[in-house]
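> My questions are about this predicted structure, shown below with the sequence.
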Amino acid sequence: MSSKREDLYSLIQSLSKTEKRYFKMEARKAGDKSNSKYIQLFEAIQQMDKYDEEALKKQTFVKNLSMEKAYLSDAILRSLRNFHSEKSLGARMRDLIANARILQDRELYKQSLRQLTKAKKMAYELHDYLSVLEINRMESSFLLRKQDRDNMDKLRELREERVEIMSVVVEENDYANLHHDISMYTHKSYIVRNKNAKESIVNTFKPFLDSQPEQIRSFHARIRFYQSLSLYKTSVGKNDESYEHYMDLIREYDKNPKIRKELAFRYLVSIYNMAQKSMGIRKYNDIPVFIEKMQRLTEENKSHELAAFNIDVQTRLVYYLNTQQFDKAGELADIVKKGLAKYNLNASRRIVFHHNVAVFFFVNQQFEEAREWFGKNLQFKKSEARQDLQRIARIFYLITQIEDSQLEELEGSMRSTQRYFRVYTDLKKQDYELTILNFLKKYYNSPHAEKAAVAGELTQYLQKQATSPNSKWPGLEEISLWAKSKVERMPIIDILTKRL
């Protein structure tokens with residue numbers, strides 16, 4: 001978890017190329033010479049693979065780093081608000097409300113009312129009932145200031161609207177609390193086996209079991225209802241029903257395109273969750289529909305291109321593996337290549353993408369392609385980013401050389417890997433990567449007739465690692481598949497197919 005002093009670094013890393021360009025353009029447009037040092041600070045932080053405050057303090061343009069970081073953070077957030085205000089219905093609505101306040105303060109009430117009328121229409125479209133309530137109060141305040149008897153009917157209408165909206169807000173809050181309570185029960189495990197916990201979930205949901213979605217007035221309350229119902233069904237082991245209720249949630253978004261566009265990131269996460277649920281109950285035929293939805297969302301809303309790219313690749317990877325579409329490895333690699341060229345990703349994200357594509361090629365026994373992608377992670381040896389994946393990339397690289405009989409290169413690679421572990425890591429002899437490296441040396445140096453036995457020893461070691469408290473070693477499953485394929489003299493794909 002990043003510390004408070006890394007907040008600005010995290011904010012800058014989250015920006016898209018377009019957002020970064022817009023920020024720099026706006027900063028330069030201001031014409032203030034002091035802005036140039038903030039752009040320098042922005043660029044210095046942007047280029048870091050890992051946040052380094054001490055390195056920033058040594059920069060000649062930095063005078064008071066704490067103050068300058070705070071100013072830059074505010075400037076970036078202001079730039080983001082301006083950048084997205086034209087695209088966001090909610091942002092335009094909030095601007096109209098702010099305009100109305102300014103006009104009221106100048107006693108330009110009719111102009112203020114026109115702004116509020118537009119804002120209220122948008123608030124209703126977005127089911128933003130708290131904003132409707134705020135606008136209602138401003139309208140009432142305006143009419144009361146006029147002290148005109150002709151406004152009594154309108155004031156009465158506003159009061160009735162206020163009562164109605166308050167009841168909708170209470171309803172939203174009830175369903176938000178329901179979702180919160182059920183999430184708390186299921187946060188450790190979706191399937192609840194403890195009898196008392198299961199009874200608590202049933203009792204929590206009981207008052208809502210007879211709810212009819214069409215009678216729930218707010219979009220946001222309906223979303224919480226479907227989320228809660230899906231979690232509830234999962235917790236009692238009814239996964240097919242859970243799936244259908246989550247599908248209802250997706251349909252709710254699709255019926256409300258303006259809200260879907262406004263809440264694009266939430267919709268994107270919901271699509272990803274839906275895809276994961278589909279794979280969990282083996283409804284693989286539904287996955288292409290969700291991938292298509294993600295692509296369509298990206299076309300509609302460029303603000304979340306990077307998140308969509310990340311989720312799209314993860315979804316495709318798991319989908320192709322589970323459906324044994326190993327011929328899609330090249331297609332996935334092309335998607336990642338284009339994404340890496342398009343987005344200014346930090347070292348950690350690049351390493352993860354390289355690793356995922358490489359593993360896909362490896363499982364498909366396309367060892368040359370796997371070596372190319374694992375090799376990309378060998379270039380980060382001076383970076384502290386994802387050292388776990390950097391270390392295991394060297395192990396995979398050696399395996400691909402063994403498979404492709406690159407015997408001359410293999411000996412040099414083994415020496416290089418040993419040197420890397422000694423110089424760039426603090427690994428001890430018994431640690432995971434060094435143990436596998438020693439097994440690979442033994443496998444390489446063993447006569448052909450004894451290689452299966454060495455692979456069997458490696459398999460036993462990896463099985464023991466899989467059951468240990470620290471079992472989340474990167475590459476453990478894929479290297480286990482490879483070792484087992486040597487023991488059983490079967491292709492990795494066949495071993496994986498048996499497991500699936």
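Cool, got the structure. Numbering: from 1, shown residues only.
> Just the element for the residue nearest to R81 when sequence neighbours are not counted, please.
Nearest residue to R81, sequence neighbours excluded (Cβ to Cβ, 6 or more residues apart in numbering): A91, at 7.0 Å. From N, CA and C alone the C-beta is placed, and that goes for glycine too. Secondary-structure element containing A91, defined by DSSP states H and E: helix 89-105.
> Check which element follows that helix along the chain.
Past helix 89-105, the next helix or strand by DSSP H and E is helix 109-125.
> Now do that next one, average pLDDT.
When pLDDT is averaged over helix 109-125, the result is 95.
> for stretch 65-72, same thing?
For stretch 65-72, the mean pLDDT works out to 88.
> chain center to it: distance?
Between the mean C-alpha location of stretch 65-72 and the chain-wide mean there is a distance of 28 Å, by Cα atoms, centre = their mean, to the nearest Å.
> pull the CA atoms of that stretch into PDB?
The C-alpha trace of stretch 65-72 is given here as PDB (Å, rounded to 0.1, in the frame of the first residue of the first chain):
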ATOM      1  CA  LEU A  65       9.000  20.000  -2.300                       C
ATOM      2  CA  SER A  66       6.100  19.500   0.100                       C
ATOM      3  CA  MET A  67       4.400  22.800  -1.000                       C
ATOM      4  CA  GLU A  68       5.200  22.300  -4.700                       C
ATOM      5  CA  LYS A  69       3.700  18.700  -4.600                       C
ATOM      6  CA  ALA A  70       0.500  20.100  -3.000                       C
ATOM      7  CA  TYR A  71       0.200  22.800  -5.700                       C
ATOM      8  CA  LEU A  72       0.900  20.300  -8.500                       C
END
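> Please identify the buried residues of it?
By 16 or more other Cβ atoms under 10 Å, the buried positions in stretch 65-72 come out as 68-69, 71-72.
> Look up phi and psi at the residue nearest to R350 when sequence neighbours are not counted.
If the residues on either side of it in the chain are set aside, R350 comes closest to L340, at 6.3 Å by Cβ to Cβ, 6+ apart. Backbone torsions for L340, taken as degrees, to the nearest 10, come to phi -70, psi -30.
> and L340, how many neighbours?
Around L340 there are 17 other residues, counting by other Cβ atoms under 10 Å.
> from memory it sits against V352, does it?
No: taking contacts as Cβ atoms under 8 Å, L340 lies outside contact range of V352: 11.0 Å.
> Averaged pLDDT, stretch 227-242. What do you get?
Across stretch 227-242, pLDDT averages out at 86.
> Sorry, slip of the keys, the one I care about is stretch 367-376.
The average pLDDT for stretch 367-376 rounds to 95.
> Next: stretch 174-190.
pLDDT averaged over stretch 174-190 gives 76.
> Now do it: distance to the chain's middle.
21 Å.
> What residues sit buried inside it?
Those would be 174-176, 178-179, 182, 185-186, for stretch 174-190 by 16+ other Cβ under 10 Å.
> tell me, how many neighbours does A341 end up with?
7.
> give the contact list for it.
Counting by Cβ atoms under 8 Å, 6 or more residues apart in numbering, A341 makes contact with nothing.
> Also R224?
Contact analysis of R224 by Cβ under 8 Å, 6+ apart lists 172, 175-176, 178-179.
> go on, L317?
332, 356, 360.
> Of these - the most surrounded one?
Counting neighbours by other Cβ under 10 Å, the top entry in the contacts of L317 is F360, with 25 neighbours.
> ok, that one - contacts?
Going by Cβ under 8 Å, 6+ apart, F360 touches 317, 320-321, 326, 329, 332-333.
> Let's verify the residue sitting nearest the centre point of the chain: helix, strand, or coil?
Taking Cα atoms, centre = their mean as the criterion, A307 is the residue nearest the geometric centre of the chain, at 5.8 Å. Put simply, A307 is helix when judged by DSSP: H, G, I helix; E, B strand; the rest coil.
> pLDDT averaged over stretch 321-333 - what is it?
Averaging pLDDT along stretch 321-333 gives 83.
> cool, stretch 491-500 as well?
What stretch 491-500 shows for mean pLDDT is 80.
> Where is the longest helix in the chain?
Taking DSSP state H as the criterion, the chain has its longest helix at helix 152-186.
> Which strands and helices lie in contact with that one?
Applying 3 or more Cβ pairs under 8 Å, 6 or more residues apart in numbering; DSSP states H and E, we find helix 152-186 packed against helix 129-146, helix 195-205, helix 219-235.
> Buried residues, stretch 122-137. List them.
Buried residues in stretch 122-137 (16+ other Cβ under 10 Å): 122-123, 126-129, 131-136.
> Present these as a markdown table; the columns should include distance to R217.
Compiled in a markdown table, the buried residues of stretch 122-137 are given as follows (distance: Cβ to Cβ, whole Å):
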| residue | distance to R217 |
| --- | --- |
| M122 | 18 |
| A123 | 14 |
| L126 | 14 |
| H127 | 9 |
| D128 | 13 |
| Y129 | 9 |
| S131 | 16 |
| V132 | 12 |
| L133 | 14 |
| E134 | 18 |
| I135 | 18 |
| N136 | 16 |
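> from those, which single one is nearest T417?
Nearest to T417 among those, counting by Cβ to Cβ, is L126 at 55.6 Å.
> Please name the residues that touch the closest one.
Counting by Cβ under 8 Å, 6+ apart, L126 touches 89-90, 93, 258-259, 262.
> run the last query once more with 6 Å
When contacts are counted by Cβ atoms under 6 Å, 6 or more residues apart in numbering, L126 touches 90, 259, 262.
> now the residues you listed as TSV including pLDDT, neighbour count and distance to R114?
Shown next, in TSV, are the contacts of L126 (pLDDT from 0 to 100; neighbours: other Cβ atoms under 10 Å; distance: Cβ to Cβ, whole Å):
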residue	pLDDT	neighbour count	distance to R114
G90	92	20	19
I259	94	22	25
E262	90	23	23
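> Identify, from those residues, the entry nearest to R419.
For those, the residue nearest R419 by Cβ to Cβ is E262; the value is 53.6 Å.
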